[in-house]
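Asks: sequence first, then the predicted structure, then my questions.
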Amino acid sequence: MNKRISRNLSKAERKALRQQRRTERKTARQERRLARKKNGGKLKIALNTKINTFFDKEFEKIRIEREEKALAQPLLKKHLNDLVGQYVLKAVINAAKSGVLPGVLGMATLIPEIVGSVKNQLRMVYDIGLANGYKGDFLHKDLVIYVLLEALSKKTTGITLLEGNKMIVKPTGEKIPATIIKILSTIIVRQLVKSIVCKWLPGLGGLAVTAWSQHSTKKVANKASGSFSKEIEISPKIVTIPTLEQMLKAEENLINQEDDDADFLKLMTLISLMKMDGNIHINEIALFEEILKNSDLDEDEKDEIEDNLHTEEIIDLELDFFKNNDEEALALMMDLVALAKSDKSVHSKESSFLFEVAEEIGFNRQELIQILIK
């Protein structure tokens, strides 16, 4: 490891040396990001292939299946909360089967569970649409795809236009464009790789996917309920490929943007959690050392983290970064719960800490409870 900054230096000298090392770290980070981008690209291609196969072979089957079921047993708006609850439970059960090897490429083992979650969400969107009185050709693929993309993405799809309480939907043509599938794959990969668990921690990936699946299913349910409560009109204008390409580019830019301090702040928060019960378990130490070994943090940051790990002091948490940042907040809670459960039990003080962090960053309390009892 790099030599620690001497305490014999003046405050100004230490500050200048830290700044110099930060500059050096930025260059090293760029090199590591290029490697991660390459591996992330391979994961996106693999996921894109599976989702594309699903849309080609099963998308229309799902629409027919849901409409036939609704005819046999009509769906009512007053039962929507129960319906959504059932789909969220399915999402948790499906994702709980998964396990992940360490590293971005190891996440390819998650693809069957991810595709299963997408299928589950599409069925749910159809059911919510049917419960709101939409059916037949009107409840077609473009409306369903719009709900899925708008719920998961930070960027507008360009497929819809709002005019008061009316939503105008632009169709994408007879066949779902390949760009749409690429956008969906990019969104999912971006959200999962924000978790330290998925990137660096072997054996606990299933919990991260469970949290993502549950969280994203709820977001899709909320978007579907809001969308189908409006008056919907299908536009005669087909959405253009350049519009979709712009959205894809925006999503790819987001996946390549990494905050220099995000993982460092997560690790510091994890250490505070480990200290909560007054006894850092040997499993927690082993897992944390595995994180540091596999992480791309520079040596100075690792030194600072290790210094914090081996002191009894609990530092003040820096959580502002995670507030009003839905994806980063989810990733942080994934990682905290995974570490808390690594010794097979969650101490009462650890549980209190988790709920305090969740409240401060605006993470849903019920979602946290469901992740904890998984």
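Replies: Arrived safely, thanks for sending.

Asks: looking at this protein, which helix or strand does the model trust least?
Replies: None of the helices or strands of the chain scores lower by mean pLDDT, DSSP states H and E than helix 196-200, at a mean of 65.

Asks: other SSEs contacting the next helix or strand after that helix?
Replies: With elements assigned by DSSP states H and E, the helix or strand that comes after helix 196-200 is helix 205-228. Secondary-structure packing of helix 205-228 (3 or more C-beta pairs under 8 Å, 6 or more residues apart in numbering; DSSP states H and E): helix 80-95, helix 111-131, helix 141-152, helix 178-193, helix 196-200, helix 326-340, helix 365-372. C-beta here means a position set from N, CA and C on the backbone, and glycine is covered the same way.

Asks: for the helix or strand following helix 205-228, give the mean pLDDT please.
Replies: Downstream of helix 205-228, the next assigned helix or strand under DSSP H and E is strand 231-234. For strand 231-234, the mean pLDDT works out to 84.

Asks: could you give the angle of the next helix or strand after strand 231-234 to helix 141-152?
Replies: Using DSSP H and E, the helix or strand that follows strand 231-234 in sequence is helix 241-256. Angle, helix 241-256 to helix 141-152, by axes from the mean of the first three to the mean of the last three C-alpha atoms, to 10 degrees: 30 degrees.

Asks: now helix 241-256: how far from the chain's centre is it?
Replies: 18 Å (C-alpha atoms, centre = their mean, to the nearest Å).

Asks: what sits up against the helix or strand that comes right after it?
Replies: Sequence-wise, the next helix or strand downstream of helix 241-256 (DSSP H and E) is helix 262-274. Residues from elsewhere that reach helix 262-274 (C-beta atoms under 8 Å, 6 or more residues apart in numbering): 194, 196, 280-281, 284, 288, 291, 295-297, 301, 305, 308-309, 314-315, 317-319, 321-322, 328, 331-332, 335-336, 339-340, 350, 353-354, 357.

Asks: go with 6 Å
Replies: By C-beta atoms under 6 Å, 6 or more residues apart in numbering, the residues outside helix 262-274 that reach it are 196, 280, 284, 301, 305, 308-309, 314, 317-318, 321, 332, 335-336, 339, 353.

Asks: which of the residues you listed count as buried?
Replies: Neighbour-count burial within these applies to 196, 280, 284, 301, 305, 308-309, 317, 321, 332, 335-336, 339, 353; the criterion is 16 or more other C-beta atoms under 10 Å.

Asks: nearest to Met124, of these?
Replies: Comparing the buried ones among the contacts of helix 262-274 against Met124 with C-beta to C-beta places Leu332 closest, at 26.3 Å.

Asks: number of residues surrounding Arg14?
Replies: 14 (other C-beta atoms under 10 Å).

Asks: actually Glu231, not the one I typed
Replies: So Glu231, with other C-beta under 10 Å, has 10 neighbours.

Asks: that one touches Lys166, doesn't it?
Replies: Yes: in this structure Glu231 lies within contact range of Lys166 using C-beta atoms under 6 Å: 4.6 Å.

Asks: re earlier: how about the buried ones among the contacts of helix 262-274 in JSON lines, adding distance to Gly116?
Replies: Formatted as JSON lines, the buried ones among the contacts of helix 262-274 follow (distance: C-beta to C-beta, whole Å):
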{"residue": "Ile196", "distance to Gly116": "24"}
{"residue": "Ile280", "distance to Gly116": "36"}
{"residue": "Glu284", "distance to Gly116": "31"}
{"residue": "Glu301", "distance to Gly116": "37"}
{"residue": "Ile305", "distance to Gly116": "36"}
{"residue": "Asn308", "distance to Gly116": "39"}
{"residue": "Leu309", "distance to Gly116": "37"}
{"residue": "Leu317", "distance to Gly116": "35"}
{"residue": "Phe321", "distance to Gly116": "32"}
{"residue": "Leu332", "distance to Gly116": "25"}
{"residue": "Asp335", "distance to Gly116": "23"}
{"residue": "Leu336", "distance to Gly116": "25"}
{"residue": "Leu339", "distance to Gly116": "26"}
{"residue": "Phe353", "distance to Gly116": "32"}
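
Asks: between the residues you listed, which has the least confident prediction?
Replies: Ile196 (72).

Asks: how near is it to Glu350?
Replies: 17 Å (C-beta to C-beta, to the nearest Å).

Asks: repeat for Lys135
Replies: Relative to Glu350, and taking C-beta to C-beta, Lys135 is found at 48 Å.

Asks: for the buried ones among the contacts of helix 262-274, which one is nearest Met247?
Replies: Of the buried ones among the contacts of helix 262-274, the one sitting nearest to Met247 (C-beta to C-beta) turns out to be Phe321, at 25.8 Å.

Asks: ok, Arg21 touching Asp298?
Replies: No: the criterion here is C-beta under 6 Å, and Arg21 misses it with Asp298 at 7.8 Å.

Asks: so for the two, which sits in the more crowded spot?
Replies: Between Arg21 and Asp298, Asp298 has the larger neighbour count (other C-beta under 10 Å), namely 19 against 16.
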